[in-house]
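1. here's my sequence, what's the structure:
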Amino acid sequence: VKPVQMAEVKDLISLIDFRGLECLNEESGHPVSHAIQEPMSLDDNVFLASDCDQQLLINIRFQQTVKLHSISVKALSPENAPKSLKLFINPINIGFDEAEAQGGAQTVDLSPEQVLEGAVVPLKFVKFQSVNTLAIFVGGNYGDSDKTIIHSLRFYGCPRDGCDMKDWEKVKKSG
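-> The predicted structure is shown next:
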């Protein structure tokens, strides 16, 4: 019997369904696609910004079920950088009230240094084995200003069908 070839842990940008990408409270000139799509996320003048207050609710749909290993958030200004991300797996019609009240699958606390570097932050892998959609709630930022700004938002993992944890070390070292 031949061993099954496992998929590599990688940037999941190619598996994001951009038609299902949305962000509540995004500024019209700075939508969520600016933080996710290449090469836009490489331009410091192109970013996701909140509109009315510092909260954002980002909804991402994947083209297929994925295992999510880690996330990376980059912001050039620590005052406007998100303090934490509350992640919800496969939510149905989640709004700001639900996102604030519910616990989520994991809350990722970010340091200003992690956000400035765009450091890869590991997730609780066992909780993220079967992700079709992901909601990310940003409740506040470091400067308590009305604008939260994200220059780059990256997701790392692999398709659910074939994922080798040995490849996680490659992502960890490159991030």
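2. from here on, just use CA atoms for contacts and neighbour counts.
-> OK.
3. and stretch 27-45, how far from the chain's centre?
-> 14 Å (CA atoms, centre = their mean, to the nearest Å).
4. let's number from 847 now, not from 1
-> All set: I'll call the first residue 847, so the last point we hit is now stretch 873-891.
5. residue 987 pairs with what?
-> residue 928 (DSSP bridges).
6. mind listing what it touches?
-> Going by CA atoms under 8 Å, 6 or more residues apart in numbering, residue 987 touches 900, 925, 926, 927, 928, 929, 930, 994.
7. same question, residue 917
-> 966, 967, 968, 969, 999, 1000, 1001, 1002.
8. which stretches of this protein have low pLDDT?
-> Scanning the chain for pLDDT under 70 picks out 847-853, 884-888, 1008-1021.
9. which parts of the lengthiest strand in it are buried?
-> Ranked by residue count, the top strand of the chain under DSSP state E comes out as strand 902-920. Using 16 or more other CA atoms under 10 Å as the test for burial, strand 902-920 gives 902-920.
10. dump it to CSV, restricted to CA.
-> Output of strand 902-920 as CSV, limited to C-alpha atoms (Å, rounded to 0.1, in the frame of the first residue of the first chain):
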residue,chain,number,x,y,z
LEU,A,902,-14.8,45.2,12.3
LEU,A,903,-16.6,41.9,11.5
ILE,A,904,-14.8,40.1,8.6
ASN,A,905,-16.5,37.1,7.0
ILE,A,906,-14.4,34.8,4.8
ARG,A,907,-15.6,31.9,2.8
PHE,A,908,-13.2,29.2,1.5
GLN,A,909,-13.7,27.4,-1.8
GLN,A,910,-13.3,24.1,0.0
THR,A,911,-13.1,22.9,3.6
VAL,A,912,-9.7,23.8,5.1
LYS,A,913,-7.7,23.0,8.2
LEU,A,914,-6.6,26.4,9.6
HIS,A,915,-3.2,26.4,11.4
SER,A,916,-2.4,30.0,11.9
ILE,A,917,-3.1,33.6,11.0
SER,A,918,-1.1,36.7,10.4
VAL,A,919,-2.2,40.3,10.8
LYS,A,920,0.0,43.3,9.8
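11. which non-adjacent residue is nearest residue 902?
-> Nearest residue to residue 902, sequence neighbours excluded (CA to CA, 6 or more residues apart in numbering): residue 984, at 5.0 Å.
12. the one you found and residue 928 touch, don't they?
-> Yes. Counting by CA atoms under 8 Å, residue 928 is a contact partner of residue 984 at 6.4 Å.
13. in terms of neighbours, single out the busier of these two.
-> The residue with more neighbours, out of residue 984 and residue 928, is residue 928; 31 against 24, by other CA atoms under 10 Å.
14. contacts only, for the more buried one.
-> 956, 961, 984, 985, 986, 987, 988, 994, 995, 996.
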